[in-house]
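> what shape does this take:
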Amino acid sequence: MNAEEKLSHPSLQSVNDAALTRESWKIFQIMAEFVEGFERLSQIKPSVSIFGSARTPVDHPFYKLTEEIGLLLSNAGFSVVSGGGPGIMEAANKGAFGGKSPSIGLNIVLPHEQVTNPYQNISLNFRHFFSRKVMFVKYASAYVVLPGGFGTLDELAEILTLVQTHKTRQIPIILVHKPFWDGLLNWFQDTLVAEGVISPGDMNLMQIVDTPQEVVDAIFNHYEHRGFEPSADEKATLLDL
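Numbering: from 1, shown residues only. Modelled structure (predicted):
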């Protein structure tokens, strides 16, 4: 029996039909994640999304740094959004939880590692990374990126791509702790810019700071001559995010 015959075999066709039906019904689960996210997050503006490693222990300096950033942002009037898990995410939520503004966790269901932290005023659960990533971007007035691994780099690359291609509005993208990020940015400059795969001006999409106050100052400096609310054109852009 060749490949075509196998695919058309009645028993295999039944299996394929069942699999297609199951895939089709997943659409409604995905829709539900978007609807709940839009409904619950549209009122938290202005907000700042914070990223970093899930593996950072509570006694690490990066944890304390992030907690201070979360508290300072919360008291400055920003809702703080994290991935809802342990490590840097927990530190961001913990800091915000002790401040004046809401602490939000966008939790992801994973086979391991992700455990929901208890410092959340609003907690959403996602099965799909892509719908969760839209929620990080759609209502964010800034991105703050602490040291982290593949997931953190994924979120950084996502926002850089969206801003670079004008699929979202330009917002502050703030990398925290210069010694951690210097090597990556040097590679961007010496390899990506040198090879012409990004433009020299793309390096200006990011900035590096070291202290919590510098994070807050960078955000307010960006919005000094405009409000946090997206313009009409920016709202139209965000509809197609």
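> who does the strand or helix carrying Val81 touch, helix- and strand-wise?
Using DSSP states H and E, Val81 maps to strand 79-82. With contacts taken as 3 or more CB pairs under 8 Å, 6 or more residues apart in numbering; DSSP states H and E, strand 79-82 sits against strand 47-51, helix 61-75, helix 88-97, strand 103-108. No exception for glycine: its C-beta is placed from N, CA and C like everyone else's.
> from the chain's centre, how far out does it sit?
In terms of CA atoms, centre = their mean, to the nearest Å, the centre of strand 79-82 is found 10 Å from the chain centre.
> each with direction, which strands does it pair with?
Using DSSP bridges, the strands paired with strand 79-82 are strand 47-51 (parallel), strand 103-108 (parallel).
> point out the most buried one among the ones you listed.
A comparison of the strands paired with strand 79-82 by mean neighbour count, using mean count of other CB atoms under 10 Å, puts strand 47-51 on top with a mean of 27.
> quick one, what contacts the residue nearest the centre of the chain?
Among the residues of the chain, the one closest to the centroid is Phe136, at 4.1 Å (CA atoms, centre = their mean). Going by CB atoms under 8 Å, 6 or more residues apart in numbering, Phe136 touches Ser49, Val81, Leu106, Tyr143, Glu155.
> check for me that it belongs to a helix.
Yes - under DSSP: H, G, I helix; E, B strand; the rest coil, Phe136 falls within a helix.
> just the pLDDT for it.
Note on Phe136: pLDDT of 94.
> now swap in the one 3 residues further on and tell me
Here, the pLDDT recorded for Tyr139 equals 93.
> now it: how far from Ile44?
Separation of Tyr139 from Ile44 (CB to CB, to the nearest Å) stands at 6 Å.
> from the contacts of Phe136, which single one is nearest Val215?
Nearest to Val215, judged by CB to CB, of the contacts of Phe136 is Tyr143 at 10.7 Å.
> helices along the protein, start to end?
3-8, 10-41, 61-75, 88-97, 129-138, 150-164, 178-187, 212-222, 232-239 (DSSP state H).
> residue contacts, Thr161?
By CB under 8 Å, 6+ apart, Thr161 lies in contact with Lys167.
> look up how far Val215 lies from it.
Separation of Thr161 from Val215 (CB to CB): 22 Å.
> again, but for Arg55
Applying CB to CB to Arg55 and Val215 gives a distance of 22 Å.
> what do you get for Ala157?
Distance from Ala157 to Val215, by CB to CB: 20 Å.
> show me what contacts Asn107?
Gly83, Gly84, Gly85, Gln114, Thr116, Ser123, Leu124, Asn125, Phe126.
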